[in-house]
Each structure stands twice: as structure tokens, then as C-alpha cells.
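A.B. asks: Need coordinates for the following:
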Amino acid sequence: MEVETITKKDECIQMIHALFQNYETNDYMLQRIHTQIVNYLPNTLKNELVNHEKRINRTHYLTNEQQVFVQVFLSKNKYYYLPNNGVFYEYDDKNYSIIKEDDIIHKLLSSISKERVLLDWKHKTKINVVKLIKERNLLNSIPESETIQNVLNLIYPSLFSTKTQAKYFLTIIGDNIFKKNQHLTFFISQNMKKLLIELENIAYLSIANTNTTNNFVTKYHENHSYENYRLLKINENFSLELWREQLKKTGIDLLCVATHYSKRYEDSEKFIENKSDEELKNFTLYLRNNSQQEIVDQFCSLFLNKVDDKESTIHWKHLHFIWKHFLSVNYLPNMIYSNNLKNILKDIYDYDECCDCFHNLTSKYLPIQSDFIKFWEKTISVICENVNHETPLENFDELEIDELCMLFKLWTQNANNTLEEKLLSNGNINEENILKILKHFFPHVEIIENKYVLNVKCHIWDKNKEIESSFDYIKTQIKSHHTLALISFDDAYNYYYKFCNQQSNNLIVSKRYFEKYLYSKLSKYIVYEKFIETVWIDE
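C.D. replies: Below is the predicted model:
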């Protein structure tokens, strides 16, 4: 520093000497040099120093003001950014939402104008704030407790029966976004897969992530190791439409809570080890902790009984169904191919290749399926397969699952049945069991919405004939109580219902089926979609 000062001083002295030397013969210029140096230069330098210090102080003041403004602005307005899709986000301490950069800048400039202090630095402050926002990654934000609870309330208890299960699921989603534990595969039900497809769509649209649910599977593959499988249990009755609507509103919230949990608990494996109860841990790690042989041994000990009776046999198809029941009640995926399972059981029990059955074996879970199969084979007939659904109703029939439950019970109580048939399960069966039996033993039967069995007819109950038999009663009621030219489907069904009660009919067709029959039989009298012209009664 001293060398530099001496050099500048020498340069100034040299410059003065040069000026005097240059104008040594010009008295006027020599006087001007003297006047400038002696009279003006000290004041000029003094003013320069004052202005320089003012500029420094102002810059320091504005810098401090800018820092305070930026700190307060970003605290009051929680904006975030994702570089992978170039999108800005806003968080109001309750919900996350996408926001346009122009809207952020408008609010920023309005705030600067309102404060007025930084008007001269408006552009500079804007650039600084936008730069800082771009450094605030959305996936590193920490949601408030209200947001976390709202997300948990979305999936618990609707999707998961415990809050711990819900947190575990969110941690998995967060891991996937951060690409952690990519070697793991999570088993889920087919219903949950539909829900996850919606979540995948929301993740792609909102944060441009394409890896949110890729490691969730519904089927086992033999090339995968049990060591890397994890199980996830979900409630089956959640509405897909409701889930889709809720995700539209809170999808980003869910993803941000998920990434927060992934960071908070490190990853889903650490969560299971350190935060879950023993029940959840044992279920989640079931495949990691059990071999194929151990799983089959558990099945055998709980669902099969070995007896010393050659007449006690279970056909392979029935045994396979019992295996599926074992998986279902324990919320387990089908993790063993049927041929492998059969070979393992052959090593344990007496297998007869000729009849494809196992001897000296019984199961307390066998009667219900055998009984229903007997009922089905004796009373149900398939009208026509692969029928076009637009075919007139008289060419096909359908039964609802709950109707099959009632028909099965009536059949077991029928006085014309044999003693063996009367003893069959006392007709105790539920809709879930019927669905499983039909899908396993009668896969050709068409079932829609897990409720309607198409193109089948029960000999015990002719639905079409019963509706037809109620028409005379309905016509009588219309003549007695209606003066208008039209009668609604609702009124017609109410009369049908009263007719059934008068006849002590325990089986009553649903309103849906009743209306379908009306469309088929009375199409020329139907107007405005849901009304029958009363001229029909004179037919």
C-alpha cells in the first residue's frame, strides 16, 4: 500500500513538473495551473470525498434495506421452484399450488413500490429475489403441521387402517421421488394400483416426476428376490373417483409431505426398523423373513388337516382355491406359481395323479366352496356367452351377487333337497366368498363391477316371469289411483314391490333390473325415458 501511495504521489509531482515545463513561457497558463491547484483542487477533492462517503453510506443503507426486504418478502411469501420443469410454486402454510413467474414478479414489484425505499433498486432487487426463489427447491420445503395432518387425513383411515401405515406409504413415495431404495419392490392390490396410477399422473403434471410409483407391483415375478419385496396393506373400498378429485386439490401437498418424510426418516427401510410397530414390521417384511417352504408350511398348519382316511380327498383345484383364501385373509400376494405350489404340496401330502387330488386331507375352509359349487351346478344355467349387451332382455338374464347369496340360502333350506344338501353350510355365505369362487372355478362367467353376473339364470327364481306376473296388479293400481296419462318408473316399481309383499315373495328384483325389463317389454309405451303411457293398461 505504501509503495502504491508513493507511486501516485510521484506521478502527481511528475505531472505538475510536466505542466510547468510545458507552459514555462506562457504566464497565463502558469497562473491557471497555480489557481487550479491552490484555489480549486482542495475544495474539489473535499467535495469528492463527501460525495463518495454519501454514496458508500447510501449503498450500505440500501443493501441492508434490500436484505431486510428480501428476508421479510420471502418469509411472508413462500415461493419455491423446481429446476427440472421450470415451474414456480406458492405455499400458504396450508396448501401448495403452482404459480406463474409473472404473478410473483407483480407482487414483488408492488411490494417494492409500496415500501418506496428500494425504488431506485427495483430491477436489481427483482433479479436478486427471483434468483433466491430459484434456489429454494420445492422438494426441500418443510410443510406445516396443518398440511401434514390434512394429507394424513386424506389416506387414513380411508386407505390405511393405521396412521403409521399411512406415514410408511408416504415415505415410500418420497423415496421414489428422490430415487432411494430403487432395488425394492412393493406388493399392492389391483385396487390400489388404480389409485397409484392417479397419483403418478398428478406427480407428472405437477412436479414432472415419472418415477413416483414404478416400483409398486400387483404380481409376483420369479426373477425377483423375496429379499427385496415389501408388502403394503390397503383398505379395498376406497372410491377411485373421490381419490381422483381429492388429488386434484391436494396432490402437491401429498408429494411435499412424502418428500419431507423421506428426509425426516432417511428412507422407508429406516422407518420400518425404527418407527413401526411389530405388527406392521412383520407384515411388511414377511417375504424377506420367510422362504417359499416356510410360507407353505404356515398355510398347511393353519388351513389343512392331515387325517387317516383315504376317502378324505381334496381336488387340486379346490386346494388351490383354499391357498388363495389363505393369501386373502392374510393380505398376502400370490408369491408362488401354482405349479411350484403343487410340487411343494406333493412332497408333503399323498397326491393322486389320476384324479388330480390329495388323499388323507381335509380343510375347514373347503365346505363353503364345495357347497356353493353344488348349488351353482344344480340351479344355474348360462343363457348365452359373449352376448351383446344391447340384446333385448328376454334373450339373457343376470343375477346380482347379493341375490346369489339369498338364492343359495333358499336352496339349502328347500324341503326337496337331500339331507346332505340341507346340511350344506346352512346357506351361510357372503358376497366376497361368492366372487372369489366364481372367479376361480367359473372364470368364463362374466362379472361386471364385482356385482352383476351376466348371462345366467337360476331355476329357483325366474326374475322375468315374476315381473310379468305383477303387471296385472300394477295395471289395477294405475286404474284406481292414477288419472294422468303417464306413470313414472318409480311408481310402477313401488307397485311391483307391494305385489311381492302381498305374495310373500322373499326375492325382489332390484329397481335397476325392473327398469331394464320395462325398457325391453314396454318400449313402445315409454316416453321421457322414465315414464310409461297409461294406455298400456288397456293392452
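
A.B. asks: Next secondary structure element downstream of the helix or strand of the chain with the lowest mean pLDDT?
C.D. replies: Across the helices and strands of the chain, mean confidence by mean pLDDT, DSSP states H and E is lowest for helix 419-422: a mean of 44. Going down the chain from helix 419-422, the next helix or strand is helix 431-441, by DSSP states H and E.

A.B. asks: can you count the residues close to Asp102?
C.D. replies: 9 (other C-beta atoms under 10 Å). For the C-beta atoms, the positions are set from N, CA and C on the backbone; glycine is no exception.

A.B. asks: Please identify the helix or strand for it.
C.D. replies: helix 101-115.

A.B. asks: distance of Glu236 from Gln190?
C.D. replies: 9 Å (C-beta to C-beta, to the nearest Å).

A.B. asks: Those two: who's more crowded?
C.D. replies: Glu236 (12 against 9).

A.B. asks: List the contacts of that one.
C.D. replies: Residues near Glu236 by C-beta atoms under 8 Å, 6 or more residues apart in numbering: Ser189, Asn191.

A.B. asks: quick one: it and Leu170, what's the gap?
C.D. replies: Between Glu236 and Leu170 the computed distance is 20 Å (C-beta to C-beta).

A.B. asks: repeat for Leu327
C.D. replies: Counting by C-beta to C-beta, the gap from Leu327 to Leu170 is 26 Å.

A.B. asks: Which one of these two is surrounded by more residues?
C.D. replies: Each of Leu327 and Leu170 has its neighbours counted (other C-beta under 10 Å); Leu170 has more, 26 against 16.

A.B. asks: tell me which element the more buried one falls in.
C.D. replies: Using DSSP H and E, Leu170 sits in helix 163-178.

A.B. asks: outside of that helix, which residues touch it?
C.D. replies: Outside helix 163-178, the residues touching it (C-beta under 8 Å, 6+ apart) are 139, 151-152, 155-156, 159-160, 181, 186, 199, 203, 207, 209, 211-215, 232-233, 254-255, 257-263, 265, 267-268, 271-272, 275-277, 280, 284.

A.B. asks: I'd guessed Ala485 sits against Glu533; true?
C.D. replies: Yes. Assessed by C-beta atoms under 8 Å, Ala485 is found in contact with Glu533 at 6.3 Å.

A.B. asks: which of the two has more neighbours?
C.D. replies: Neighbour count, other C-beta under 10 Å: between Ala485 and Glu533, Glu533 has more, with 14 against 11.

A.B. asks: Near the residue lying closest to that one once chain neighbours are set aside, how many other residues are there?
C.D. replies: Leaving aside its sequence neighbours, Glu533 sits nearest to Tyr525 (C-beta to C-beta, 6 or more residues apart in numbering; 4.6 Å). The tally of other residues near Tyr525 (other C-beta under 10 Å) stands at 17.

A.B. asks: Over to Leu332?
C.D. replies: Neighbour tally, Leu332, other C-beta under 10 Å: 20.

A.B. asks: go on, Ile474?
C.D. replies: With other C-beta under 10 Å as criterion, Ile474 counts 22.

A.B. asks: follow-up on the earlier one: which other helices and strands contact the next helix-or-strand element following the helix holding Leu170?
C.D. replies: The C-terminal neighbour of helix 163-178 among helices and strands, as given by DSSP H and E, is strand 185-187. Applying 3 or more C-beta pairs under 8 Å, 6 or more residues apart in numbering; DSSP states H and E, one finds that strand 185-187 makes contact with strand 216-217, strand 229-231.

A.B. asks: longest helix anywhere in the protein?
C.D. replies: helix 41-76 (DSSP state H).

A.B. asks: Next, the buried residues of that one.
C.D. replies: Residues of helix 41-76 classed as buried: Leu62, Gln66, Phe69, Val70, Phe73 (neighbour count, 16 or more other C-beta atoms under 10 Å).

A.B. asks: And stretch 300-307, by the same measure?
C.D. replies: Counting neighbours by 16+ other C-beta under 10 Å, stretch 300-307 gives Cys300, Phe303, Leu304 as buried.

A.B. asks: Isn't the first one up against Leu341?
C.D. replies: Spelled out, that is Cys300. No. Cys300 is beyond contact range of Leu341, at 11.0 Å (criterion: C-beta under 8 Å).

A.B. asks: Can you list the low-confidence ranges for the stretch 251-400 of the chain?
C.D. replies: Residues of the stretch 251-400 of the chain that meet the criterion pLDDT under 70 lie in 384-396.

A.B. asks: could you pull out the helices for it?
C.D. replies: Listed in chain order, the helices of the stretch 251-400 of the chain (DSSP state H, counting those that start in this stretch) span 268-274, 278-284, 286-289, 292-303, 316-329, 338-346, 366-379.

A.B. asks: who wins for proximity to Asn22 among these?
C.D. replies: Nearest of those to Asn22, taken as C-beta to C-beta: helix 268-274 at 82.7 Å.

A.B. asks: ok, the buried residues of stretch 300-307 vs Arg244, which is closest?
C.D. replies: Taking the buried residues of stretch 300-307 together and measuring to Arg244 by C-beta to C-beta, the closest member is Phe303, at 37.8 Å.

A.B. asks: Show the contacting residues for the closest one.
C.D. replies: By C-beta under 8 Å, 6+ apart, Phe303 lies in contact with Ile322, Trp323, His325, Phe326, Ser363, Lys364, Tyr365.

A.B. asks: what about the last one, how many neighbours?
C.D. replies: Which is Tyr365. Residues near Tyr365, counting by other C-beta under 10 Å: 17.

A.B. asks: Could you check how many residues crowd around the nearest residue to it once chain neighbours are set aside?
C.D. replies: Nearest non-adjacent residue to Tyr365, counting by C-beta to C-beta, 6+ apart: Ile322, 5.2 Å away. Residues lying near Ile322 (other C-beta under 10 Å) number 18.

A.B. asks: Quick check on Asn290: phi, psi?
C.D. replies: Here is the backbone geometry of Asn290 (degrees, to the nearest 10): phi -130, psi 140.

A.B. asks: Hmm, it is touching Tyr226, no?
C.D. replies: Yes. At 7.5 Å, Asn290 counts as touching Tyr226 under the criterion of C-beta under 8 Å.

A.B. asks: what pairs with Phe358 across the strands?
C.D. replies: Counting by DSSP bridges, Phe358 is bridged to Ile314, Tyr351.

A.B. asks: still on that earlier bit, distance of the residue nearest to Tyr365 relative to Ser291?
C.D. replies: Distance, Ile322 to Ser291, using C-beta to C-beta: 21 Å.

A.B. asks: for Ala492, same thing?
C.D. replies: Counting by C-beta to C-beta - Ala492 and Ser291 are separated by 62 Å.

A.B. asks: Neighbour count: those two, which is higher?
C.D. replies: For Ala492 versus Ser291, the count of surrounding residues by other C-beta under 10 Å is larger for Ala492: 24 against 10.

A.B. asks: Can you pull the domain assignment for the protein?
C.D. replies: As assigned by automatic domain parsing, the chain contains the domains 1-137, 145-288, 290-364, 368-461, 464-538.

A.B. asks: highest average neighbour count across these?
C.D. replies: For the domains of the chain, average neighbour numbers computed from mean count of other C-beta atoms under 10 Å are highest in domain 145-288, which has a mean of 18.

A.B. asks: Ends of that one, what's the gap?
C.D. replies: 34 Å (C-alpha to C-alpha, to the nearest Å).

A.B. asks: repeat for stretch 143-162
C.D. replies: End-to-end distance (C-alpha to C-alpha), stretch 143-162: 21 Å.

A.B. asks: Rounded mean pLDDT for that stretch, please.
C.D. replies: Averaging pLDDT along stretch 143-162 gives 94.

A.B. asks: go on, stretch 470-488?
C.D. replies: Averaging pLDDT along stretch 470-488 yields 89.

A.B. asks: Now do it: distance to the chain's middle.
C.D. replies: 49 Å (C-alpha atoms, centre = their mean, to the nearest Å).
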